[in-house]
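Colleague: everything below, folded, please.
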Amino acid sequence: MSEASTLDAKFVRKVEENQLRLRGSLRDTYDFIVCGSGSSGAVVARRLAENPAVSVLLIEAGGSDSVPEVEMAVAWPMNLGSTRDWGFTALPNPHLNGRAIPMSMGKVLGGGSSINVMLWARGHKTDWDYFAAEAADPAWSYDSVLAIYREIENWQGKPDPVRRGKNGLLYITPPTEPNPVAVAMLDAATELGIPVFDDQNGDMMEGPGGASYFNLRIRDGRRQSIFRSYTFPVMHQPNLTVLPGTMVTRVLIERGAAIGVECIVDGRGRRFLASQEVILSLGAIHTPKVLMQSGIGDSETLASLDIPLLQHLPGVGANFQDHIMVSSCIWEYPEPIAPHGNGGEASIFARSAPELDSPDIQLLQIQFPVPTPELAARHAIPAGSWGIFPALLRPHSVGRLRLTGAKPEDPILIDSQILSDPADLTALRRCVELAREVGNTKALRSFVKREVMPTALTSAAMDDFIRDGVTTIWHQSCTAKMGQDDMSVVDGRLKVYGVDRLRIADASVMPRIPLANTMAPSVIIGEQAARAIARERQL
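Modeller: Below is the predicted model:
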């Protein structure tokens with residue numbers, strides 16, 4: 001064993017022993033309670049615990065992330081449908097031929113960053129400037145957020161001192177040995193006149209689109225979750241208690257202020273009090289559920305479920321947005337190539353219409369076929385195949401979460417409304433067309449024995465293919481949005497309107513879904529929450 005490995009093993013033991021002590025003597029009161037250890041909550045907990053005078057309780061419903069399926073990058077599909085997945089399913093959708101599509105979310109230390117595809121995508125300049133406008137707060141602008149990204153990143157690709165950082169907590173790299181199909185996909189982009197960029201998160205995210213390799217949160221074949229980068233390195237400290245296997249069910253509110261939370265621990269109810277603040281980072285499905293079951297939400301909805309109203313906020317659970325993709329356009333290899341890394345390393349961002357000021361569609365290269373059951377039933381799909389996911393990044397369709405009862409075990413229904421706006425189907429048609437153009441270029445010809453699906457279809461058949469092929473990209477968001485209108489739930493500092501000492505820090509606060517996988521923007525949300533708390537409470 002190397003000296004570095006020995007030191008790592010010693011630190012792991014130190015963390016385990018410390019956390020066993022802390023969990024063995026849980027306190028009734030902590031300064032801050034952070035609910036959820038995902039890509040925002042892990043950040044908030046770390047930043048608060050950096051102050052040794054502050055006590056932090058980080059609560060997570062899921063269990064350990066120390067399992068091969070989480071640790072090894074190539075194993076990420078094995079987490080879907082496992083005990084590390086909440087296993088949500090949206091309601092049957094008439095716009096998807098009546099299909100009820102799965103919506104995975106992380107139920108494990110690290111949340112989504114422990115089960116996702118490990119793509120680091122910052123979002124487009126127009127996203128962040130929109131956030132700033134909605135919040136009336138320049139701290140959310142692209143220039144302000146760019147400074148935070150530079151601070152937290154340890155970028156391994158081509159240097160770009162204007163946009164990329166080198167000394168931060170987060171190891172981020174382009175693919176070290178790209179799959180040959182990924183290389184060829186960028187050549188295909190050039191063949192079609194699409195500009196190719198060195199860095200997906202560089203100046204490409206300030207313009208109309210282009211092609212690039214992904215940024216990855218992978219090091220030596222191992223996942224780099226946000227929890228492992230932010231929280232784990234400070235879990236040897238006496239002021240940070242991480243409590244897995246504990247489900248937050250309600251925020252305790254007295255005299256208009258959050259004073260703590262109710263939880264279920266080992267099947268039993270327990271209360272923890274917060275002397276300063278409660279931060280909800282439970283994700284875009286559970287955060288609104290806990291808010292509503294705590295009496296914060298639409299007054300008529302809560303009254304119909306006999307939940308006493310504490311704060312009327314009709315936007316709680318509304319504005320549901322998600323990225324969707326068609327799973328997928330598939331080509332058969334002449335000779336199969338084994339998948340590696342995260343299974344997909346190249347992408348193209350484009351506009352479905354020339355008048356748009358930013359990309360709204362994306363092509364994601366995938367090294368193995370991932371058809372929906374409906375498409376698999378209609379097509380004989382060889383195991384030796386690769387694909388392109390046509391994805392919609394700027395959906396017009398907006399859904400809603402529907403609470404069914406006041407009890408923790410009462411489910412929340414996901415009325416996604418995917419493709420309810422005809423503009424989304426129009427954009428996806430163009431996206432599928434572009435995917436077929438790319439897949440059938442000369443640059444990719446040596447990797448194509450035949451096009452498996454969709455092939456050339458009539459307009460009606462293509463729409464049917466899309467409706468049967470649509471699935472989520474697991475970017476559920478926007479259900480407790482930041483803003484100033486009547487449907488907003490939090491202000492620019494992420495404080496819940498009308499409830500003191502309660503903040504939200506997760507993807508639910510996004511005013512609209514960004515042109516990005518949601519992990520990196522969620523880290524920014526966590527950083528913004530922690531910095532706002534530190535300023536206001538002079539920590």
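
Colleague: now do Pro371: how many residues are near it, please.
Modeller: Residues lying near Pro371 (other C-beta atoms under 10 Å) number 22. Placement of C-beta: from N, CA and C, glycine included.

Colleague: pretty sure it sits against Ala380.
Modeller: No - judged on C-beta atoms under 8 Å, Pro371 makes no contact with Ala380 at a distance of 10.7 Å.

Colleague: how close does the nearest residue to Glu206 once chain neighbours are set aside get to Ala42?
Modeller: Spatial nearest neighbour of Glu206, excluding adjacent residues (C-beta to C-beta, 6 or more residues apart in numbering): Lys125 at 4.6 Å. Lys125 sits 26 Å away from Ala42 when distances are taken as C-beta to C-beta, to the nearest Å.

Colleague: so for these two, which sits in the more crowded spot?
Modeller: Neighbours were counted for Lys125 and for Ala42 using other C-beta under 10 Å; Ala42 has more, 32 against 20.

Colleague: on that earlier part again, quick one, what contacts the residue nearest to Glu206?
Modeller: 142, 205-206, 358 (C-beta atoms under 8 Å, 6 or more residues apart in numbering).

Colleague: for the helix or strand of the chain with the lowest mean pLDDT, list the C-alpha coordinates in CSV.
Modeller: Sorting the helices and strands of the chain by mean pLDDT, DSSP states H and E puts helix 3-24 at the bottom, at a mean of 86. The C-alpha trace of helix 3-24 is given here as CSV (Å, rounded to 0.1, in the frame of the first residue of the first chain):
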residue,chain,number,x,y,z
GLU,A,3,1.9,6.2,1.6
ALA,A,4,-1.0,8.2,0.0
SER,A,5,-3.3,5.2,0.4
THR,A,6,-2.3,4.7,4.0
LEU,A,7,-3.0,8.3,4.7
ASP,A,8,-6.4,8.0,3.0
ALA,A,9,-7.3,4.9,5.0
LYS,A,10,-6.3,6.6,8.2
PHE,A,11,-8.5,9.6,7.4
VAL,A,12,-11.5,7.4,6.5
ARG,A,13,-11.1,5.6,9.9
LYS,A,14,-10.9,9.0,11.6
VAL,A,15,-14.1,10.1,9.9
GLU,A,16,-16.0,6.9,10.7
GLU,A,17,-15.0,7.0,14.3
ASN,A,18,-15.9,10.6,14.7
GLN,A,19,-19.3,10.2,13.0
LEU,A,20,-20.0,7.1,15.2
ARG,A,21,-19.4,9.2,18.3
LEU,A,22,-21.5,12.1,17.0
ARG,A,23,-24.4,9.9,16.0
GLY,A,24,-24.2,8.0,19.3
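
Colleague: tell me what that helix is packed against?
Modeller: Contacts defined by 3 or more C-beta pairs under 8 Å, 6 or more residues apart in numbering; DSSP states H and E place helix 3-24 against strand 240-243.

Colleague: list the helices and strands the strand it packs on packs on?
Modeller: helix 3-24, helix 41-49, strand 56-59.

Colleague: tell me the first helix or strand C-terminal of it.
Modeller: strand 246-254 (DSSP states H and E).

Colleague: C-terminal to that following strand, what's the next element?
Modeller: Moving toward the C-terminus from strand 246-254, the next element (DSSP H and E) is strand 257-265.

Colleague: quick one: the next helix-or-strand element following that next one to helix 41-49, angle?
Modeller: Sequence-wise, the next helix or strand downstream of strand 257-265 (DSSP H and E) is strand 268-280. Interaxial angle of strand 268-280 relative to helix 41-49 (axes from the mean of the first three to the mean of the last three C-alpha atoms, to 10 degrees): 80 degrees.

Colleague: return the set of buried residues in strand 268-280.
Modeller: Using 16 or more other C-beta atoms under 10 Å as the test for burial, strand 268-280 gives 272-274, 276-280.

Colleague: now swap in stretch 379-387 and tell me
Modeller: 381, 385-387.

Colleague: contacts for it next, please.
Modeller: 181, 328-333, 335-337, 365-371, 447, 452-453.

Colleague: buried among those? Make that a ChimeraX selection.
Modeller: Selecting only the buried entries of those in ChimeraX, with 16+ other C-beta under 10 Å as the criterion:
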select :181,328,329,330,331,332,333,365,366,367,368,369,370,371,447,452,453
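
Colleague: now stretch 81-96: how far from the chain's centre is it?
Modeller: 16 Å (C-alpha atoms, centre = their mean, to the nearest Å).

Colleague: can you list contacts of it?
Modeller: Residues contacting stretch 81-96 (C-beta under 8 Å, 6+ apart): 62-63, 67, 69-70, 79, 98-108, 114-115, 285-286, 397, 399, 413-420, 467-468, 470, 472.

Colleague: which among those residues count as buried?
Modeller: Buried, going by 16+ other C-beta under 10 Å: 62, 67, 69-70, 79, 99, 101, 103-108, 114-115, 285-286, 397, 399, 414, 416-420, 467-468, 470, 472, out of the contacts of stretch 81-96.

Colleague: low-confidence ranges in this structure?
Modeller: 1-7 (pLDDT under 70).

Colleague: show me the helices in it, by range?
Modeller: Using DSSP state H, the helices of the chain run over 3-24, 41-49, 68-71, 125-135, 142-152, 180-191, 226, 283-293, 299-304, 373-376, 422-439, 459-469, 519-537.
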